[in-house]
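Student: Give the three-dimensional model of this entry:
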Amino acid sequence: MGLSSWLSGSARGEHPDRPFTGYKLAHAALSADGARTGFAGLTMGAGHVYGVVADATCVWNSRHQSPRRWCGCGFYCLHALTDALSLGCATENRSALLIEVAASGRYIRYERGLRYSRQRVRAIKQAWCGCGRPGVALADAGSGLVGWRHLAPACDQCVAGRPTLTVRDFVARLDGRVRIDEGPDGMAQLPGMQAPAAMTAEQPFAVLTAEIALLHARLDNLQARLDG
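Tutor: Model prediction:
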């Protein structure tokens, strides 16, 4: 989805009579003291961490209101969940959370989404580990901002003893209520993919028992030949 396609069909600045539901990607962030969490943008807003409720400000000129038509400032969101899923496939976005927001305030309408002035994060929709499994925790991503560390989703197999924060703990440290959309087994699987069946603790022993039985049978057969 190219930027030109996303921006096509823009309308003049408007004010909604009710919040819009939108979807976007954001990096999870943890404060240096570990007491607070927040979200960071992916591109123009990457240098700023915002909370559950936030107002957009222009990073180039704080004297004008966001969004401004001939400026790139403001929050962005997509109308369709499928478009946000597509954006999450890009390599640079693989460690981001997929979130649902309520967009309000001043806004400019585009073909596939909005650029707007105020938002409330409603839900964390999905968090995927880089290996493709559902993320069950958030681990240090190795990047960050002054006072904040980026966190990346990790599955139970890729955590490998790294310090982590569960998704629920992350939500508990936000400055407002946000729901976690998940199934009975945690975050949803990647569309079109299925996690491999887990090997139970009994399975390796069953395989070993079968191999020992086969070895004994071969030894008995060899002994019978020698005795004959």
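Student: What distance do you get for Val136 to Ser86?
Tutor: 24 Å (CB to CB, to the nearest Å). Using the backbone N, CA and C atoms, a C-beta is placed for each residue, glycine as well.
Student: Give me the more crowded residue out of the two.
Tutor: For Val136 and Ser86, the more surrounded residue by other CB atoms under 10 Å is Val136, and the numbers stand at 21 against 13.
Student: element containing the residue nearest to the more buried one when sequence neighbours are not counted, please.
Tutor: Leaving aside its chain neighbours, Val136 sits nearest to Asp156 (5.2 Å; criterion: CB to CB, 6 or more residues apart in numbering). Under the criterion DSSP states H and E, no helix or strand holds Asp156.
Student: Count the residues that sit near the closest residue in space to Thr166 that isn't next to it in sequence.
Tutor: Closest residue to Thr166 in three dimensions, ignoring its sequence neighbours and counting by CB to CB, 6+ apart: Ala137, at 5.3 Å. Counted with other CB under 10 Å, residues neighbouring Ala137 total 23.
Student: Who is the most centrally placed residue in the chain paired with across the strands?
Tutor: When CA atoms, centre = their mean is applied to the chain, the residue found nearest the centroid is Leu97 (2.1 Å). In this entry, Leu97 is beta-bridged to Ala26, by DSSP bridges.
Student: can you tell me which residues contact it?
Tutor: By CB atoms under 8 Å, 6 or more residues apart in numbering, the contact set of Leu97 is Leu25, Ala26, His27, Ala28, Phe39, Ile124, Lys125, Gln126, Ala127, Pro153.
Student: export the residues you listed to TSV and tack on distance to Ala141, neighbour count and pLDDT?
Tutor: Below are the contacts of Leu97 laid out as TSV (distance: CB to CB, whole Å; neighbours: other CB atoms under 10 Å; pLDDT from 0 to 100):
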residue	distance to Ala141	neighbour count	pLDDT
Leu25	14	23	97
Ala26	13	22	97
His27	7	24	96
Ala28	8	27	97
Phe39	13	26	98
Ile124	16	25	97
Lys125	19	20	95
Gln126	17	25	91
Ala127	12	28	92
Pro153	9	27	95
